[in-house]
Structure formats: C-alpha cells, structure tokens
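Trainee: Here is my input; please provide its structure:
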Amino acid sequence: MPKSRIMFVCSNCGASYSKWLGQCSGCGEWETLIAQAPTPEVKNTLTIASKTGTLLTVENIYAKASRQNTEAPRLATGFNDLDLVLGGGLLPGSVTLLAGQPGIGKSTLLLQIANIIAKSVPVLYVSGEESAPQVRTRAHRLAAKKRQQLGDSDIHLDFASSNSTNDISQTIISGKYKFVIVDSVQTLTVAEIASAPGSVSQVANSGNILIRASKAADTALILVGHVTKDGTLAGPKTLEHMVDVVLNFEGDRYGGFKTIRASKNRFGATSELAIFEMGNFGLQEVENPSAALLAERQNVDGSVIFAAIDGARPLLVEIQALVNPTNFGYPKRTSSGFDVNRLSLLIAVLEQRTRLTFADKDVFLNVVGGIRIADAAADLAVCMAIASATANRKLADDLVVFGEIGLGGEIRSVHAADRRIMEAKKLGFSAAIAPRTIKSSFVKPTRDLTAVLNTYLH
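Mentor: Alright, predicted model coming up:
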C-alpha cells in the first residue's frame, strides 16, 4: 500500500497542502498551516432509512403545503427580541450556530433558554467544556433548577458532559429530545479521526454528523462556536454554510449592553436585533434601550445624540468626542464603537470644508453603552461631536442628529428616516438635524456641513 503522507491544513479556511507554507494561498493568512495525518473516510454513524424520492413541481409543493398546513410550531426561547432575530423562534429540525467572545454570556443565555423550553418539551444540554458540578453551580445562580428542586416534574431538562460526536449524534437520532444544546463544537471529536479537537477536520465532520442527526430526528439544535482574536468564527467556513442560522453575540464582556444579531437566517430576516444586559440572575432583555442609553447623559461639549437604525430597530445613542492638543509629532485617532478609518475620513472632510484644523490635535470618539455603530447616517453626528469638542460649544438639549456626509461636505439622505424621527419624538426630543430631503416639520433642513456647524453650535 502507498505510504500515507502528512498534509498541512489551514486552520482558518481548511485548505490543504502537501508541504508547509508560510502563507495560505486560499485565505491569505500567515502561520495557519498545521500538520495533520490523512483523514480516513468517516463512516455514517446514523441509521437512516433510504426512501425513493418523488419529484414535485413548485405548484404541487405549494398546494400540498396549503392543504396539510404542515408548518411546525416554533419553540419560544422566552426572550421576545431573540425570537424575532430567529424569525419567530426555534424551528424543529433547524441548526443554529451561536458565536461570541469568551465570557460574554453564551452558556448563561443557553441555560436560561433550556430551562424555559424544558417546560414544554424534553431538552438536552451537552457540555464539552464544563463538568456537571460547574453547570450545576451556574444553574443554581440562575435559578434554572429551582422548580425541579421543589419536586416539579414539568421541567424535562437533562445534562451530559461529553466530547464524543458519535455518542451525541446517537442520542439525538433516538428522538427522545426535541431541543439539544451542544457547548461547544470546537471541543467535539469524531472517533474515526485522529486529529486534535478544534482542528478543521474535527469541526467540519462533527458539525456535519450533528446536522444530519438533527434533520433526521426533527430536533432543534444549537451549536456554540468559538471565535478568533479578530472576532471571526474559529474553524472552517463550511460550518457556517451547513447550519441554518448563524447568530453573533457581541458586546463588552465586562459590562454594558450585549447584542445578538443574525448574519445568516434561512427562516427569517437578518435585520433584527436583540439587546441584553447581564444581571444578578442572568441575561435580561432591555425593554427600552434608547432610554437606558441616555439615562446618565450630561449635555456638555462633544456630546451629540444620534438617531440610529440597527437592523430594523431605531435607537438613540450618545456619541462623545474629545479633542486635545497632541504631545507627539503624529496625532492620534482613537475610536470605540465606530470605524476608525471612517473617523479619519470625516476628520479630513472637516479640515477641508470648514475652518477647523486637527493636524496638531488628538481626536477620541466613543459610542456610549458598548454599542457598535455601522450606520452611514452617523457621519453628521460624529462631525458635530468633534466640532463641538474643538470649539467648546455644546448642542441644544432637545436635538437629535443623523445624516450621511459626502466628501464635498454635503449632507445626503439616509434610509428609515421616519422611524428615526418617531423614536426621537417618543423620548421627548423636539427637533432633528437631518438632510433637507426629508419632508417633516420635525426636521430642521440643512444644506451642507459648514452651514450646520455655523447654525447650531452656539
């Protein structure tokens, strides 16, 4: 038999090479090739009866679905906003991948969800990272097991500590549980593969086997995924393609608000957002995030209220700027919650289109509450915050700001302006500085950046 050769597999994208290279030509990452023995063919560990397929036209599929009304009821997680992110709840047979930084609260959230769903259907929580006493300690803190300790048999929540993909898949295929949580997929191993847990081959094959088991048993499955230092999901990209829903758990793990958004959803939109806050008894939904974000605001120079749209939800967030003389030959541009490259571009527009100069000044920008803003409509609010801090002049208390800035200093229109205005009115603001294309008595129309700064910074 031919001698088996060692292959070098990229831990980032899964590309394989016959020899070691410093840079992966597939994804462009450096020092990511890991030596692995050839992966043997993994046998199908699931016993699924084969059936002869019947070909249907699209019209027949719709007619059959309307007659039988076969859409399965979704499992409610107990968090209304999270159900909206999922498209209405967890669909039986769906596979969801939840990724987030370590310590942000993934296990806490999933244990809360498991306790709620276990009141209606049998639930299995599988942990490959923690032992039973560790999970029990967290369950006591969250009061997840309180009703069981009182002798209530309505909660059907079982726990298993296992790293074996084969054992977990057989448990799922038995059909005993309607909802299964696996924490995490990077700790699982397939018996037929000799590589270490977390390798590309182990993650890809473990995910494939568990997904097939979930589809065969019509069981809702949530897989927890690790992330790299860059915030991207660790392991092969194929894992994201195989699952039905990919949820990103973002925020500051030491405090502030935490958000969950879907980057992929086969059963709903990807524009919804769920906002949480960590309390003494686990994660809690923030009912009115705009009011919570503005509760401790002090109207000083450099503070501007921005009417944002995050997904489909309007938010009012405070943007703070601080401008100081630089002590070095190269001025600093530091941003928290806003793209620093976009910040540098807006500073260049301010220098070119107004009389402000920043060549000898450090500029610091912060979005309050740990919220990350990727909305282009934040340009005008960022510019006004920087100009306000530079001139030591504050904006009026009852104004909100939104609008996109072009390189010529013009203020361009933005989407969902009506929802931004409605949210501002709800919280008691009297006017908005916005593009003049918006036809509303609430909006104070503006021509360009220079006119805005001369009019409202007084």
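Trainee: Can you show me the helices along this structure?
Mentor: 58-68, 80-85, 106-117, 132-142, 146-149, 165-173, 200-217, 238-242, 289-293, 340-353, 379-391, 417-426, 449-456 (DSSP state H).
Trainee: Could you point out which of these sits nearest Pro331?
Mentor: Ranking those by proximity to Pro331 (Cβ to Cβ) places helix 340-353 first, at 9.1 Å. In short, each C-beta sits where N, CA and C put it, glycine included.
Trainee: thinking again about what came up before, mean pLDDT and distance to Arg372 for the helices of the chain - can I get that in JSON lines?
Mentor: Listed next are the helices of the chain as JSON lines, based on pLDDT from 0 to 100; distance: least, Cβ to Cβ, whole Å:
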{"stretch": "helix 58-68", "mean pLDDT": "62", "distance to Arg372": "40"}
{"stretch": "helix 80-85", "mean pLDDT": "91", "distance to Arg372": "16"}
{"stretch": "helix 106-117", "mean pLDDT": "92", "distance to Arg372": "18"}
{"stretch": "helix 132-142", "mean pLDDT": "81", "distance to Arg372": "27"}
{"stretch": "helix 146-149", "mean pLDDT": "47", "distance to Arg372": "35"}
{"stretch": "helix 165-173", "mean pLDDT": "93", "distance to Arg372": "34"}
{"stretch": "helix 200-217", "mean pLDDT": "91", "distance to Arg372": "27"}
{"stretch": "helix 238-242", "mean pLDDT": "90", "distance to Arg372": "20"}
{"stretch": "helix 289-293", "mean pLDDT": "84", "distance to Arg372": "13"}
{"stretch": "helix 340-353", "mean pLDDT": "94", "distance to Arg372": "12"}
{"stretch": "helix 379-391", "mean pLDDT": "94", "distance to Arg372": "14"}
{"stretch": "helix 417-426", "mean pLDDT": "91", "distance to Arg372": "18"}
{"stretch": "helix 449-456", "mean pLDDT": "84", "distance to Arg372": "24"}
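Trainee: Tell me the pLDDT of the most centrally placed residue in the chain.
Mentor: Central residue of the chain (Cα atoms, centre = their mean): Asn248, 2.4 Å from the mean position. Here, the pLDDT recorded for Asn248 equals 92.
Trainee: Could you report the neighbour count for Val246?
Mentor: 23 (other Cβ atoms under 10 Å).
Trainee: among the helices of the chain, which is nearest Ala269?
Mentor: Checking these against Ala269 by Cβ to Cβ gives helix 80-85 as the closest, at 8.7 Å.
Trainee: List the neighbours of the closest one that are in contact with it.
Mentor: 74, 76-77, 89, 113, 247, 260-262, 265, 268, 272-275, 285 (Cβ atoms under 8 Å, 6 or more residues apart in numbering).
Trainee: hmm, try it at 6 Å
Mentor: Ala76, Thr77, Gly89, Ile260, Ala262, Glu272, Ala274, Glu285 (Cβ atoms under 6 Å, 6 or more residues apart in numbering).
Trainee: What of stretch 414-421?
Mentor: Ala307, Ile309, Pro314, Ala377, Phe402, Glu404, Ala432, Ile438, Phe442.
Trainee: The third one - nearest residue in space that isn't next to it in sequence?
Mentor: Distance criterion Cβ to Cβ, 6 or more residues apart in numbering; nearest residue to Pro314, sequence neighbours excluded, is Glu423 at 3.8 Å.
Trainee: ok, so of the contacts of stretch 414-421, who is nearest Leu233?
Mentor: Closest to Leu233, out of all of those and judged by Cβ to Cβ, is Ile309, at 25.5 Å.
Trainee: where's the residue nearest to the closest one when sequence neighbours are not counted relative to Ala377, distance?
Mentor: Of all residues not flanking Ile309 in the chain, Ala416 sits nearest, at 4.7 Å (Cβ to Cβ, 6+ apart). Ala416 sits 9 Å away from Ala377, going by Cβ to Cβ, to the nearest Å.
Trainee: okay, the two: which has more neighbours?
Mentor: Counted by other Cβ under 10 Å, Ala416 and Ala377 do not tie: Ala377 has more neighbours, with 25 against 17.
Trainee: now do the same end-to-end measure for stretch 274-284.
Mentor: Distance across stretch 274-284, first residue to last, is 10 Å (Cα to Cα, to the nearest Å).
Trainee: hey, which helix or strand in the chain has the poorest pLDDT?
Mentor: helix 146-149 (a mean of 47; mean pLDDT, DSSP states H and E).
Trainee: In this structure Leu233 contacts Leu97, no?
Mentor: No. Using Cβ atoms under 6 Å, Leu233 makes no contact with Leu97, being 7.6 Å away.
Trainee: Please parse the protein into its domains.
Mentor: 1-38, 71-287, 291-456 (automatic domain parsing).
Trainee: Mean pLDDT lowest where, among those?
Mentor: domain 1-38 (a mean of 75).
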